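Peer 1: this is a predicted model, with the sequence first.
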Amino acid sequence: MPVNGYSTRNSWFGVFVLAVCAVWLIWRADQRTLGLAVNSLRLAAGVCVFSIPLGTGLGLLVCRTDLPMRRAILVVWLAFLFVPLYLQAAAWDAGFGRLGWYSMAGATFDVPWMHGWFAAIWIQVMQAIPWVLLIVGAALTRAEPELEDDARLHGGTWWVVWRVTLRRSWGGIAIATLWVAVLTSSDMTVTDLYQIRTLVEELYTGFALYDTTSSIPGLWSSVFATGCLAALIGLALRSWSVRPLDRIANVPRAFELGRWRWAWFLMVALVLVVAIGVPLSNLVYQAGLVVSRTDGTYVRHWSIARFSELTVLLPGHYERTAIWRFHRELGWTALLAGGVATLGVIMAAPLGWWARRGGLRALPVVLLVAGGLATPGPLIGTGVIWLFTRGTSAASVWLYDQTLAAPLLALVCRALPVAVLVCWFAALTVPRSREDAAALDGINAMGRFWLFGVAQNKLALGVAWLVCVAIASGDLATSILVVPPGVTTLPIRVFNLLHAGVDDQVAALCLLNIGVIVGVGTIILLVGGRWLKQLRGV
């Protein structure tokens, strides 16, 4: 029975694909590659086991109940949606890493809390929770109100949630699980920091250790795994409805929590404090930490003057602030993000419009989006390097070494799939009757695209542009291999400094970076909210 576009046949086909991949990998891979693959699966499974239930519960409470202050809680979660993994790692390491304030003040210096597998899974879970909340929360709001109303005649609130709402949202939960697996398997930040060997980590370190790309262990296994993951994403995209959406339905009636309303609010607030408040507090404390000598002993304390000196542009002291010391990195990041966003929207708008009718017509776009989402960042970077260095042309060498062509291309490959999804959804909201009426009036295909795909979807294109900015400005895994000499972005600078520990300068830089990302995320929420209101006719 189809559930939100998913069928049992597609689910079993996905399981069959995974089983074939596992058998092939065990049969063909050497012992080292097999160990890397097992570590990759172990990491992805660990992150999914904790993030999916927690994010689903949060999505249910925030999006479908009368939880107090649920709108404010949702805004805070989604504002931190695009905070990249290296900033999550820096924030937790600032408190509980080897040189964190808690580890230095207590007895956990030798074996800090943040180390090994625990640190890698914990940090990735913290990054995945907002994504699960968004995806599952959106699926929960699509449950049919008439089925819920009928179920209320036969049982209480939680019976309706379990028997109807969650069962009608299995498709969203499956998409969230797949997306978390993509996020976990495509980044090497925490695996590199905490010395966990995975396929993606091997690609990243192998670029510097081996003379040729083809000699990197696990390269072709990574390519094969990427193809299988892309096939699963393609199945999910094929289930996307191609019926035009004249209006976006309003959120169904909220479930009442009754006397447990404030108890659930305290639990959600506690998760919010742990996931966002604690890491931010670590950075704030570390940025203002001062060590002074008193009576022959060293005393560590927090100083508002030191914090302001590193974070606030004060007259006469602006040279010491993070924004000034790293203004070149900030400039390169903004330049790349703006260029990637502009190119991404120019390419995504026609692709999303082309795919709106579905069927074989949409197949090239499905393959592009699925492949782009599934491909790990280091693999994209390796492909771009191969593209620019495969020949002996002086022009290609000059473009690779002296321009931003390589990082622009790599980051466009990373951001374009998400931009296409936004534009695709926007194209589906255009009523087909209006498009047919314009065709009868003599407006050609290009004119209809410009009229309905661009002019009437400016807010959607704005959301796509801002999403590309957020992705490009926070990317590390894709760009770190391809930036030319003399160019360093904020993510690369922070990642390099993290290996020596999070001191006050690094903490201030991370706070600056988080402020930029959260600011962009807040603007996305404002523009996206206005767009959804427009679609609902409010």
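Peer 2: Received the coordinates, thanks.

Peer 1: so where do the helices sit in the stretch 301-450 of the chain?
Peer 2: Counting by DSSP state H, counting those that start in this stretch, one finds helices in the stretch 301-450 of the chain at the ranges 304-311, 322-325, 327-354, 363-374, 377-389, 394-402, 405-428, 432-440, 445-448.

Peer 1: the bottom helix or strand of the chain by mean pLDDT?
Peer 2: Scoring the helices and strands of the chain by mean pLDDT, DSSP states H and E places helix 8-28 at the bottom, with a mean of 57.

Peer 1: ok, then the element right after it?
Peer 2: Later in the chain than helix 8-28, the nearest helix or strand by DSSP states H and E is helix 31-64.

Peer 1: could you list the buried residues of that following helix?
Peer 2: 33-34, 36-37, 39-41, 43-44, 46-48, 50-52, 54-64 (16 or more other Cβ atoms under 10 Å). To be clear about C-beta, it is placed using only N, CA and C from the backbone, and glycine gets the same treatment.

Peer 1: what's the distance between residue 351 and residue 164?
Peer 2: Note on residue 351: its distance to residue 164, by Cβ to Cβ, to the nearest Å, is 36 Å.

Peer 1: what's the answer for residue 31, then?
Peer 2: Noted for residue 31: a distance of 49 Å to residue 164, by Cβ to Cβ.

Peer 1: same question, residue 456
Peer 2: 35 Å.

Peer 1: could you check which of those two is surrounded by more residues?
Peer 2: Using other Cβ atoms under 10 Å, the more surrounded residue of residue 456 and residue 164 is residue 164, with 19 against 15.

Peer 1: residues in contact with the residue nearest to that one when sequence neighbours are not counted?
Peer 2: Spatial nearest neighbour of residue 164, excluding adjacent residues (Cβ to Cβ, 6 or more residues apart in numbering): residue 151 at 4.7 Å. Listed by Cβ atoms under 8 Å, 6 or more residues apart in numbering, the contact set of residue 151 reads 159, 160, 163, 164.

Peer 1: show me the contacts for the most centrally placed residue in the chain.
Peer 2: In the chain, the centroid-proximal residue (Cα atoms, centre = their mean) is residue 82; its distance is 5.6 Å. Contacts for residue 82 (Cβ under 8 Å, 6+ apart) come out as 467, 470, 471, 474, 517, 520, 521, 524.

Peer 1: and it, that one's in a strand?
Peer 2: No. Inclusion of residue 82 in a strand is not indicated when DSSP: H, G, I helix; E, B strand; the rest coil is applied; the result is coil.

Peer 1: next one: phi and psi at it?
Peer 2: According to degrees, to the nearest 10, the main-chain angles of residue 82 amount to phi -100, psi 10.

Peer 1: and the helices of the stretch 301-450 of the chain as CSV, adding mean pLDDT?
Peer 2: Putting the helices of the stretch 301-450 of the chain into CSV (pLDDT from 0 to 100) gives the following:
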stretch, mean pLDDT
helix 304-311, 81
helix 322-325, 78
helix 327-354, 92
helix 363-374, 84
helix 377-389, 84
helix 394-402, 84
helix 405-428, 91
helix 432-440, 81
helix 445-448, 86
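
Peer 1: closest to residue 119 out of those?
Peer 2: helix 377-389 (20.1 Å; Cβ to Cβ).

Peer 1: can you list contacts of that closest one?
Peer 2: Contacts to helix 377-389, defined as Cβ under 8 Å, 6+ apart, come from residues 186-188, 200, 203-204, 207, 213, 219, 222-223, 226, 396-397, 399-400, 405-406, 409-410, 413-414, 475-482.
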